[in-house]
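In: Sequence first, then the predicted structure:
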Amino acid sequence: MDIYALIGLFIAFAAVLTGNALEGGQLASLIDGPALIIVLGGTLGAVILQTPMQRFLRACALSKWVILPPAGDTGHDIERLSAWSKIARREGLLGLENLLDTLDDPFQRKGLELVIDGVEPATVRRLMETESNTRIDGDLAAAQVFKSMGGYAPTIGILGAVIGLIQVMGNLADPDQLGQGIATAFVATIYGVGFANLVFLPVADRLRSLILRAANADDLFIEGLIAIAEGEHPRGVEIRLRGIAATG
C-alpha cells in the first residue's frame, strides 16, 4: 500500500475542511446529497458517453494503482537477468527452460519462451516492444479518462449551482430561506472544483507516472533478454542494464 498517496489525499481534504472551519463555516454546510449526485453522476455519465467501454473498464482497474501500485524493483530485475545470463552461458539457452514456471508475468514469460526457442534477437525485440507499446498506450489512454473527469466536474458543478439557484428563485416570497438556499446551491460548485483538482486530475497524473515506470521496466527486461540471446557476458549484461536503469 502506498501510504504516501494516502497522506497527500488526507492533506488536501484536511486543508479545505480546516480552512472552512477557520472561516467559521460548519461541516454540515458542505454536505449536500443532491449536489453530490449531480456532480458525480453527471461527470460519470459524460465520461461513459465519450469513452469506449473497454477503455473505461481498464481505467477502473487501474484506479487501484493509486493506493496499490504494481511492484517494481529495478535492482532485483537486473540481478535476476544477470543470473539468467550466467545460466545461459553455462548451460545454453535451453538451460533457462526451468525458469518459466517461476514467472507469473505473461509478458516476461512470453519473452523468455521466445529466447529459449532460439528466435532471432531482432525478432524478439520487435515482438516484445510491440506488445509492450500496445499495452502502455492502452493504459495511458485509460488514465486519460480521469483527466477527462477532471475537465467535466467543474462544469457540472456550475450546472448544479444553476439548478439550485433556480429553486431559490422560486422561493423569493420567503426571504429567510434565500441565504441558506444560495449557499447550498454553490456547494455543487465546490464539489465540482474540489473533486477535479483534489482527486481526478492528481489521479490521472499519478497513473501516468506509474504507467511510464512500467514502460521503463519493460524496456529494461527486453534489453536483458536481447543481451542473453546474443550471448553477452553476464558482467556486460549487468553493466548494460544498470546503464539503462540510470538513464530511465
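Out: Arrived safely. Numbers count the residues shown, from 1 in each chain.

In: domains of this structure?
Out: The record's domain split for the chain, according to automatic domain parsing, is 1-31, 32-248.

In: what's the longest helix in this structure?
Out: When the chain is parsed with DSSP state H, its longest helix is helix 121-169.

In: Against which helices or strands is that one packed?
Out: helix 33-36, helix 42-50, helix 53-62, helix 106-116, helix 178-195, helix 201-229 (3 or more Cβ pairs under 8 Å, 6 or more residues apart in numbering; DSSP states H and E). Where C-beta positions appear, they are placed from N, C-alpha and C, glycine not excepted.

In: how far does stretch 241-248 sit from the chain's center?
Out: Centre-to-centre, stretch 241-248 and its host chain are 23 Å apart (Cα atoms, centre = their mean, to the nearest Å).

In: Using CSV, list the CA coordinates for it.
Out: The C-alpha trace of stretch 241-248 is given here as CSV (Å, rounded to 0.1, in the frame of the first residue of the first chain):
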residue,chain,number,x,y,z
LEU,A,241,21.2,-2.9,-17.7
ARG,A,242,22.5,-0.6,-14.9
GLY,A,243,23.2,2.0,-17.6
ILE,A,244,19.6,1.8,-18.9
ALA,A,245,18.3,2.0,-15.3
ALA,A,246,20.3,5.1,-14.6
THR,A,247,19.0,6.9,-17.7
GLY,A,248,15.4,5.7,-17.1
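
In: For it, list every residue counted as buried.
Out: 241, 244, 245 (16 or more other Cβ atoms under 10 Å).

In: Tell me how far the last one lies from residue 166.
Out: With distances taken as Cβ to Cβ, to the nearest Å, residue 245 is found 58 Å from residue 166.

In: so what's the spatially most central residue of the chain up against?
Out: The C-alpha lying nearest the average C-alpha coordinate of the chain belongs to residue 207 (Cα atoms, centre = their mean; 2.1 Å). Residue 207 is in contact with 62, 63, 65, 66, 139, 142, 143, 146, counting by Cβ atoms under 8 Å, 6 or more residues apart in numbering.

In: Looking at those residues, spot the one nearest residue 18.
Out: Closest to residue 18 out of the contacts of residue 207 is residue 66 (23.2 Å), distances taken as Cβ to Cβ.

In: follow-up on the earlier one: in TSV, list the buried residues of stretch 241-248 along with distance to residue 131, secondary structure and pLDDT.
Out: Listed next are those as TSV, based on distance: Cβ to Cβ, whole Å; DSSP: H, G, I helix; E, B strand; the rest coil; pLDDT from 0 to 100:
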residue	distance to residue 131	secondary structure	pLDDT
241	20	helix	89
244	19	helix	80
245	21	helix	80
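
In: which residues of the protein score low on pLDDT?
Out: 171-181, 248 (pLDDT under 70).

In: what do you get if the cut-off is 90, keeping everything else the same?
Out: Confidence mapping of the chain against pLDDT under 90 gives the ranges 1-10, 12-35, 67-77, 89-95, 98-99, 101-105, 118, 160-186, 231-248.

In: now the helices and strands packed on helix 121-169 in CSV, with distance to residue 97?
Out: Converted to CSV, the helices and strands packed on helix 121-169 look like this (distance: least, Cβ to Cβ, whole Å):
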stretch, distance to residue 97
helix 33-36, 56
helix 42-50, 46
helix 53-62, 32
helix 106-116, 6
helix 178-195, 51
helix 201-229, 13
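
In: which residues touch the helix or strand where residue 7 lies?
Out: For residue 7, the element it lies in under DSSP states H and E is helix 3-22. Residues external to helix 3-22 that are found in contact with it (Cβ under 8 Å, 6+ apart): 27, 29, 30, 66, 67, 194, 198, 199, 202, 206.
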